[in-house]
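1. Show me the folded form of this:
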Amino acid sequence: GLRCAGMIIALALPVAIALGVLMRRGASVDPAGSAWAAGISASGWGALAFAFACPFDDPLYLAVWYGVAFGIVTIGSRLLLPLILRW
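-> As a prediction, the model looks like this:
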């Protein structure tokens, strides 16, 4: 499970960074809200990309480990992106 969560996080990080760069250029007036949106989008993208390679299809497994990865990316984006979104 940790390997799957780690892969989702690894696939989501480049997307989160790219969204952070795009939001910095957009001069967001709500950095916290923008960071939440970027985190949710990036973690969704990472989970979607990894879903095609995941060898497990148990619903409880998917809910737990995808949820853990989703939470880590989203909360990490919320904490780190407002620091770089300042313009």
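
2. tally of neighbours for L48?
-> Applying other CB atoms under 10 Å, we find 12 other residues in the vicinity of L48. C-betas here are computed from N, CA, C, even on glycine.

3. distance of it from R3?
-> Per CB to CB, to the nearest Å, L48 is found 18 Å from R3.

4. do L62 as well
-> Using CB to CB, L62 is found at 14 Å from R3.

5. got it, and L13?
-> From L13 across to R3, the span is 16 Å (CB to CB).

6. Equivalent analysis for G20, please.
-> From G20 across to R3, the span is 26 Å (CB to CB).

7. who has more neighbours, these two?
-> Neighbours around G20 and R3, counted as other CB under 10 Å, are more numerous at G20. The numbers are 22 against 8.

8. Might one say that the more buried one is in contact with A37?
-> No: with contact defined as CB atoms under 8 Å, G20 does not reach A37; the gap is 10.9 Å.

9. can you list the weak-confidence ranges in this protein?
-> Applying pLDDT under 70 to the chain flags residues 85-87.

10. can you pull out the helices in it?
-> For the chain, the helices defined by DSSP state H cover 2-26, 31-51, 59-85.

11. can you give me the end-to-end distance of stretch 22-34?
-> Stretch 22-34 stretches 11 Å from its first residue to its last (CA to CA, to the nearest Å).

12. For C4, see how far away Y61 is.
-> 8 Å.

13. More neighbours: those two, which one.
-> C4 (21 against 13).

14. Test my guess that that one contacts F50.
-> Yes: contact criterion CB under 8 Å: C4 and F50 qualify, at 6.9 Å.

15. just the helices of the chain: most buried one?
-> Highest mean neighbour count among these (mean count of other CB atoms under 10 Å): helix 31-51, with a mean of 19.

16. between it and helix 2-26, how many degrees?
-> Inter-element angle recorded for helix 31-51 and helix 2-26: 140 degrees (by axes from the mean of the first three to the mean of the last three CA atoms, to 10 degrees).

17. elements contacting helix 31-51?
-> Counting contacts by 3 or more CB pairs under 8 Å, 6 or more residues apart in numbering; DSSP states H and E, helix 31-51 is packed against helix 2-26, helix 59-85.
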